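[1] model the structure of this input:
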Amino acid sequence: MGYEFGVSLRYIQSKKRQKFISIITLLSIIGIMVGVMALIIVLSVMTGFEDDLRGKILGTNAHIVVLKFSGGINHYNKIEQFLRHTIKTDINKQETKIIDNNSKVIADNSVPSEKQNLIQKTWSKTRSLFSGLTQEIAYDDKLSLAHQIVGVTPFIYSQAMLSSHDNVTGVVLRGVDPTTVTQVTDLSKTMLQGGISQLAGTYKDPESNARIGGIIIGKELARSLGVVYGDTVNIISPLGVMTPLGMIPRMKKFKVVGIFSTGMYEYDSGLAYLSLSNAQQFLNMDSDVTGLEIKIKDIFKARQVAHLIQKELGFPYYARSWEATNRNLFTALKLEKTVMFIILILIIMVGALGIVSSLIMVVVEKTKDIAILKALGATDRSIMKIFVYQGLFIGVIGTGLGLLFGYILCLLLKQYHFISLPKDVYYIDTLPVTMRPEIFIIVAIAAIIVSFLATIYPSYKASKLPPAETLRYE
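    Numbers count the residues shown, from 1 in each chain. The predicted structure follows:
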């Protein structure tokens with residue numbers, strides 16, 4: 001760095017006649033430190049909130065759902081079998097056959113000719129390292145995406161009303177297969193009482209001695225209805241039965257065989273589960289289902305896997321990823337995070353203005369020293385470096401302290417949860433914190449860039465001071 005760095009350090013050191021300048025320097029460091037610390041805490045909390053919300057949504061809902069454009073899906077077993085085996089196994093078999101035959105595709109009656117042509121064309125392209133790169137990537141990506149599927153389960157989605165002796169409330173009714181729903185959702189991990197397997201059983205109604213099915217409801221929903229584990233509730237369907245007396249709502253009694261808590265108020269207060277067969281019988285759906293839920297390994301490839309599934313199934317089916325279903329929510333979160341980053345950068349800019357003020361006052365104070373250095377042969381660039389180093393030193397110190405205190409406060413917040421929130425408003429009861437290295441790196445780079453930009457003008461003015469004019473009256 002040369003002598004310029006040493007001179008800049010000497011200028012930072014406090015002297016009796018430079019106390020005021022030292023105070024401005026200290027305030028600049030504090031301003032940058034507070035800005036960086038605020039950015040670290042806010043971005044870590046917002047990232048934690050986003051991760052926590054995503055985890056709760058994907059713990060209750062599938063990564064991908066397959067639906068039909070109109071009506072329910074009949075013969076869903078064939079589609080489920082296709083999703084479980086065809087995409088993962090058949091493509092892998094095709095790849096193995098291609099490799100074993102060393103560029104010759106073996107004809108297979110189970111594979112359409114259109115797919116045979118695609119495989120043959122793709123394999124021929126891979127024989128050259130630089131030709132057909134686009135097709136190669138598309139095929140390899142298809143193979144890797146095909147192996148993403150880890151679970152498939154059918155589901156029924158409807159709206160209904162739940163009534164007890166004390167209250168009535170609207171709910172989202174979901175029919176699930178107790179044997180496969182655990183492959184796709186985390187419902188079993190959220191159970192406070194009972195279990196998913198109890199949905200498949202039948203129970204005796206203490207009032208009528210009739211056999212009734214089981215239902216699983218959320219903790220907040222149970223509290224709202226005033227029921228506990230083992231009580232009975234009535235499900236009322238908005239799609240009633242036409243009688244000579246008019247439309248009569250369809251109603252059926254179920255026993256509460258489970259209570260769950262996802263930690264998300266919206267789900268805990270408005271979601272109820274039935275077995276697939278009970279839901280089909282109650283909603284008069286025969287053997288139809290609303291759709292199929294799919295879980296994959298990498299949640300961030302959901303959009304690509306959904307595109308592949310839709311392409312394989314074709315019309316009238318379509319696949320939606322969790323990103324598409326919750327696009328508005330997560331887009332709003334990203335926008336809020338960006339806006340908060342821009343707003344909090346302004347705090348760092350306040351500290352940077354302090355750097356500008358401090359350097360200008362140092363330039364005025366050190367006018368004679370600058371003239372002497374120039375007279376001794378220092379170039380304009382060297383003079384500029386001195387004050388740039390001085391400003392960067394202030395910025396780096398403030399940034400380092402901000403990163404340190406921001407990390408400590410995030411750690412304390414994550415460990416002790418000393419800030420509580422109303423769950424019915426924010427979906428969570430405490431501030432979640434997720435500290436990621438990229439957050440610290442981005443904030444540090446932004447703070448140092450702002451500090452550097454603040455040094456340019458005073459450094460430039462210092463480098464242009466004429467030594468002859470300055471030393472004339474000394």
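[2] output the longest helix belonging to this protein.
    Counting residues, the longest helix found in the chain (DSSP state H) is helix 19-60.
[3] immediately after it, which helix or strand?
    Counting by DSSP states H and E, the next helix or strand C-terminal to helix 19-60 is strand 64-68.
[4] so what strands line up beside that next one?
    Next to strand 64-68 in the sheet, as set by DSSP bridges, lie strand 291-296 (antiparallel), strand 317-321 (antiparallel).
[5] which one, of those, ends up nearest to E220?
    With C-beta to C-beta as the measure, strand 291-296 is the member of the strands paired with strand 64-68 nearest E220 (23.3 Å). Glycine gets a C-beta too; all of them are placed from N, C-alpha and C.
[6] after the closest one, which helix or strand is next? Please name it.
    Immediately after strand 291-296, counting by DSSP H and E, sits helix 302-313.
[7] so what does that following helix touch, helix or strand wise?
    strand 64-68, helix 133-146, strand 291-296, strand 317-321, helix 322-325 (3 or more C-beta pairs under 8 Å, 6 or more residues apart in numbering; DSSP states H and E).
[8] for Q304, see how far away K311 is.
    Using C-beta to C-beta, to the nearest Å, K311 is found at 11 Å from Q304.
[9] tell me which of the two has more neighbours.
    Counting neighbours by other C-beta atoms under 10 Å for K311 and for Q304 shows that Q304 has the greater number, 17 against 10.
[10] still on that earlier bit, select from the helices and strands packed on helix 302-313 the stretch with the lowest mean pLDDT.
    The stretch with the lowest mean pLDDT among these is helix 133-146, at a mean of 42.
[11] any idea which helix or strand comes after that one?
    strand 149-163.
[12] tell me where the stretch 201-350 of the chain has strands.
    203-204, 211-218, 232-243, 246-260, 271-275, 291-296, 317-321 (DSSP state E, counting those that start in this stretch).
[13] so which of these gets nearest M37?
    When those are compared by C-beta to C-beta, strand 317-321 sits nearest M37, at 36.7 Å.
[14] one step back: can you tell which of the strands of the stretch 201-350 of the chain is closest to V42?
    Ranking those by proximity to V42 (C-beta to C-beta) places strand 317-321 first, at 28.7 Å.
[15] pull the closest one out as PDB, backbone CA atoms only.
    C-alpha atoms of strand 317-321 as PDB (Å, rounded to 0.1, in the frame of the first residue of the first chain):
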ATOM      1  CA  TYR A 317     -54.800 -32.500 -16.500                       C
ATOM      2  CA  TYR A 318     -52.500 -29.800 -15.200                       C
ATOM      3  CA  ALA A 319     -49.900 -29.600 -12.500                       C
ATOM      4  CA  ARG A 320     -49.300 -26.600 -10.100                       C
ATOM      5  CA  SER A 321     -46.200 -26.100  -8.000                       C
END
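[16] which other residues reach that strand?
    Residues outside strand 317-321 that contact it (C-beta atoms under 8 Å, 6 or more residues apart in numbering): 63-69, 73, 79, 294, 302-303, 305-307, 309-310, 313.
[17] pLDDT weak spots in the stretch 1-150 of the chain?
    1-2, 5, 8-9, 11-21, 86-146 (pLDDT under 70).
[18] at 90 instead, please
    Residue ranges of the stretch 1-150 of the chain with pLDDT under 90: 1-32, 34-35, 38-39, 42-43, 45-63, 68-150.
[19] D298: neighbour count?
    Using other C-beta under 10 Å, D298 is surrounded by 12 other residues.
[20] ok, and the closest non-adjacent residue to it?
    Distance criterion C-beta to C-beta, 6 or more residues apart in numbering; nearest residue to D298, sequence neighbours excluded, is Q148 at 6.2 Å.
[21] pLDDT on stretch 366-384, on average?
    78.
[22] show me what counts as buried in that stretch.
    Buried positions in stretch 366-384, judged by neighbour count with 16 or more other C-beta atoms under 10 Å: 366-367, 369-371, 373-374, 378, 382-384.
[23] what's the answer for stretch 24-36, then?
    By neighbour count on 16+ other C-beta under 10 Å, the buried set for stretch 24-36 is 24-25, 27-29, 31-36.
[24] out of those, which is nearest to F405?
    Closest approach to F405 among the buried residues of stretch 24-36 (C-beta to C-beta): M33, at 6.9 Å.
[25] check contacts around the closest one.
    The contact partners of M33, by C-beta under 8 Å, 6+ apart, come to 351, 398-399, 401-402, 405.
[26] isn't C410 right up against V42?
    No: taking contacts as C-beta atoms under 8 Å, C410 lies outside contact range of V42: 10.2 Å.
[27] same drill for these two, tell me which one is more crowded.
    Ranked by neighbour count (other C-beta under 10 Å), C410 and V42 place C410 first, with 23 against 19.
[28] what residues does the more buried one make contact with?
    Contacts for C410 (C-beta under 8 Å, 6+ apart) come out as 40-41, 44-45, 433, 435.
[29] can you pick the most crowded of those?
    In these, the most neighbours by other C-beta under 10 Å go to S44, 26 neighbours.
[30] related to what we said a few turns ago, show me how to select, in ChimeraX, the buried members of the contacts of strand 317-321.
    Restricted to buried positions by 16+ other C-beta under 10 Å, the ChimeraX selection for the contacts of strand 317-321 reads:
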select :63,64,65,66,67,68,73,79,294,302,305,306,309,310,313
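[31] so how many other residues sit close to K337?
    Other residues near K337 come to 17 when the count uses other C-beta under 10 Å.
[32] state the distance from it to K461.
    Taking C-beta to C-beta, one finds K337 at 38 Å from K461.
[33] could you do I236 as well?
    For I236, the distance to K461 equals 79 Å [C-beta to C-beta].
[34] before we move on, back to that, distance to D298 for the contacts of C410 - can I get that in TSV?
    As requested, these are exported to TSV (distance: C-beta to C-beta, whole Å):
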residue	distance to D298
I40	28
I41	29
S44	24
V45	26
V433	24
M435	22
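[35] from those, which is closest to F341?
    I40 (11.0 Å).
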